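Q: Kindly return the folded structure for what I paste below:
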Amino acid sequence: MDRHRKWIGVALVVGGLLMFTRMAPVLVVLPEDMAFPPATTQEMLRLAVIAGARWQLSHVMGLFAVLLFGIAYGWHVIFLVRAGWRWVGPGLAVTSLLAFTLFGIALLIDGFAVPAMIDDHLAAGGARTATLEQVEEMHLLALRFFAPGIFLLFLTIGLFSAPMLHREIHSRWLGVTGQTIAVVAVMAYLTGLTGPHWNEMQIAGTLMLAAFAWHLLVGARALIAKPIAAVPQPR
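A: Residues are numbered from 1 along each chain as shown. Predicted structure coming up:
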């Protein structure tokens with residue numbers, strides 16, 4: 001893993017920064033009388049129109065971040081399997097693949113299918129074919145992929161941080177932090193504190209920001225410090 005260490009660090013740092021800033025293009029044009037996320041379909045439609053191409057840009061940033069995270073996790077999976085983590089390595093491969101696939105699908109739908117349907121709904125001259133209800137259903141479809149994707153991301157963080165607790169990759173304090181974030185997020189989700197689609201911004205939003213910050217810190221650690229070589233042993 002050492003020869004790929006800096007590339008892993010770059011992927012996680014850039015991915016974390018993109019996730020942190022991906023909503024900035026939309027938020028800079030958010031009307032003062034509108035909450036975020038928009039409370040109704042009508043407000044979402046209004047925001048998408050105001051944002052224009054910024055809406056797609058924010059989702060492209062998210063897709064690029066997902067790609068970078070996926071590459072970094074893939075490198076870690078290979079390393080952990082070779083190092084003897086026979087359960088954590090494959091488990092991490094499954095949860096990360098599912099999490100980033102679902103998250104990516106949600107970004108594609110919300111970033112491109114939803115605004116296309118909004119344009120159709122607002123078409124002039126009687127050319128419109130999409131109803132407001134169809135726009136809402138398309139947005140809900142994106143959320144149906146997003147919610148399990150984010151849940152699986154926290155399970156992935158829990159698995160990823162396990163070897164860190166043993167100081168076999170990165171650092172123990174990052175392992176403790178990752179485990180804490182994962183446990184709190186999973187418990188919050190199972191008890192309904194995050195909202196049905198992770199839309200409770202005070203709780204779910206804070207947890208997601210913590211997750212992205214954690215990935216950024218793991219990437220920074222990979223850049224500035226040599227990871228501890230794992231001793232192969234059955235797990």
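Q: In the chain, what residue spans correspond to helices?
A: 5-21, 24-27, 41-51, 53-82, 88-108, 114-121, 132-165, 172-190, 206-224 (DSSP state H).
Q: Would you agree Ala65 is in contact with Val13?
A: No. At 10.8 Å, Ala65 and Val13 do not qualify as touching, with contact defined as C-beta atoms under 8 Å. The C-beta positions use only the backbone N, C-alpha and C, and glycine is treated the same way.
Q: higher neighbour count, these two?
A: For the pair Ala65 and Val13, the greater number of neighbours falls to Ala65 (27 against 21), based on other C-beta atoms under 10 Å.
Q: Provide a list of residues in contact with the closest residue to that one other than its chain neighbours.
A: Once flanking residues are discounted, Ala65 sits nearest to Leu18: 3.8 Å by C-beta to C-beta, 6 or more residues apart in numbering. With contact taken as C-beta atoms under 8 Å, 6 or more residues apart in numbering, Leu18 is in contact with 61-62, 64-65, 68.
Q: Buried subset of those as a PyMOL selection?
A: Buried subset of these, written as a PyMOL selection, criterion 16 or more other C-beta atoms under 10 Å:
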select buried, resi 61+62+64+65+68
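Q: out of the contacts of Leu18, who's nearest Glu137?
A: Gly62 (21.5 Å; C-beta to C-beta).
Q: I'd say the closest one and Gly111 touch.
A: Yes. Between Gly62 and Gly111 there is a contact under C-beta under 8 Å: 7.5 Å.
Q: Tell me the spacing between the closest residue to Pro163 other than its chain neighbours and Gly84.
A: Spatial nearest neighbour of Pro163, excluding adjacent residues (C-beta to C-beta, 6+ apart): Ile169 at 5.0 Å. Distance of Ile169 to Gly84, computed by C-beta to C-beta, to the nearest Å: 13 Å.
Q: Which residue of those two possesses the greater neighbour count?
A: Ile169 (27 against 15).
Q: correct me, but that one touches His76?
A: Yes. Contact criterion C-beta under 8 Å: Ile169 and His76 qualify, at 7.1 Å.
Q: Quick check: closest non-adjacent residue to Phe154.
A: Ala185 (4.0 Å).
Q: The one you found - how many residues pack around it?
A: Count around Ala185 with other C-beta under 10 Å applied: 27.
Q: In terms of pLDDT, where does Gly192 sit?
A: As predicted, Gly192 sits at a pLDDT of 93.
Q: Let me know which of the helices of the chain is the nearest to Trp198.
A: Across the helices of the chain, closest to Trp198 is helix 132-165 (C-beta to C-beta), at 5.2 Å.
Q: what about this structure, any weak spots by pLDDT?
A: Along the chain, the model assigns pLDDT under 70 to residues 1-3, 124-128, 167-168, 225-235.
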